[in-house]
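[1] Structure here, sequence nowhere to be found:
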């Protein structure tokens, strides 16, 4: 439906001092702090995890060498979605000099709506990360205590008991990540990189990562998390996280969270011959997801 003069009566009257409600500030591209972005030239993308070899056994004198098999473990699939939105102005609204003021304002509002949608979809990967209805390539949600391994074991990228963000839980996460193995049970020397939090936890994160001494104690101990550089990239606030006490760590494990861009943002406008209306649209196509769940660690919080 086109925006007509009836919907914009005040803007046709003299003495109008201000128009407001469309040009609020917006949060930036916060997904770039979490996701690795790649371009795509296909309708979907797939990434397959491979298994290497187990630890080499001792070969006894005169005995045959042992042979091991590599194999595909699971495949992660990214199905691109088309995101599009537009608006239209009637020919009469344009004739009555509303074109210049409205096209600029509503074009900005359109960009804000598209940006909001992208950030919401990106954050949904974490917001739904504990939900078994959103399983990844290994049949488990992003955050699970039982990511299966070819060796028969499991990797866990959640705490044994869901915990709020504090010194103890953060140190335990760093230690747990260091114990992750590959598909054949070999240690992978994983390390955390960045703490990802909702805005509710920003002051907690500052105290944990940036103070010189331990937080909340009368002891004169150093802050081991800061001193060891355990979280080298500090923290980032994602305003689109929906759980106020959930927190996450990105790790240096490659091919974790991915963002594929099939078609970058494009805008356009044209006139409709029959009605004389002018239409504006914005469109892009992308997908968010994850390949290797060890690219992230997460806790739902204790609540």
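    Received it, and whenever you're ready, just let me know what you need. Just so it is clear, the model here is predicted, and its values are computed rather than measured.
[2] For the stretch 51-200 of the chain, just list every one of the helices.
    91-93, 99-127, 167-178 (DSSP state H, counting those that start in this stretch).
[3] I'd like the ones you listed as CSV, with distance to residue 65, mean pLDDT and mean neighbour count appended.
    For the C-beta atoms, the positions are set from N, CA and C on the backbone; glycine is no exception. Shown next, in CSV, are the helices of the stretch 51-200 of the chain (distance: least, Cβ to Cβ, whole Å; pLDDT from 0 to 100; neighbours: other Cβ atoms under 10 Å):
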stretch, distance to residue 65, mean pLDDT, mean neighbour count
helix 91-93, 81, 68, 18
helix 99-127, 44, 83, 16
helix 167-178, 32, 97, 17
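[4] Those helices: which one's closest to residue 281?
    helix 99-127 (8.1 Å; Cβ to Cβ).
[5] and that closest one, what does it pack onto?
    Under the contact criterion of 3 or more Cβ pairs under 8 Å, 6 or more residues apart in numbering; DSSP states H and E, helix 99-127 touches strand 81-89, strand 257-271, strand 278-290.
[6] what's the spacing between the nearest residue to residue 213 once chain neighbours are set aside and residue 143?
    Once flanking residues are discounted, residue 213 sits nearest to residue 223: 5.7 Å by Cβ to Cβ, 6 or more residues apart in numbering. In this view, residue 223 and residue 143 are 27 Å apart by Cβ to Cβ, to the nearest Å.
[7] Which one's more surrounded, the two?
    Neighbours were counted for residue 223 and for residue 143 using other Cβ atoms under 10 Å; residue 143 has more, 23 against 18.
[8] so what's the more buried one closest to, chain neighbours aside?
    residue 298 (4.2 Å).
[9] low-scoring stretches of the stretch 151-300 of the chain, by residue?
    Within the stretch 151-300 of the chain, not a single segment meets pLDDT under 70.
[10] Where do the strands of the protein begin and end?
    Assigned by DSSP state E, the chain shows strands spanning 36-39, 44-51, 71-79, 81-89, 147-148, 154-155, 192-197, 235-237, 247-251, 257-271, 278-290, 296-299.
[11] closest to residue 171 out of those strands?
    Of the strands of the chain, the one closest to residue 171 (Cβ to Cβ) turns out to be strand 192-197, at 10.8 Å.
[12] how about JSON lines for the helices and strands packed on helix 99-127, with mean neighbour count and distance to residue 148 added?
    Listed next are those as JSON lines, based on neighbours: other Cβ atoms under 10 Å; distance: least, Cβ to Cβ, whole Å:
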{"stretch": "strand 81-89", "mean neighbour count": "16", "distance to residue 148": "29"}
{"stretch": "strand 257-271", "mean neighbour count": "16", "distance to residue 148": "20"}
{"stretch": "strand 278-290", "mean neighbour count": "19", "distance to residue 148": "16"}
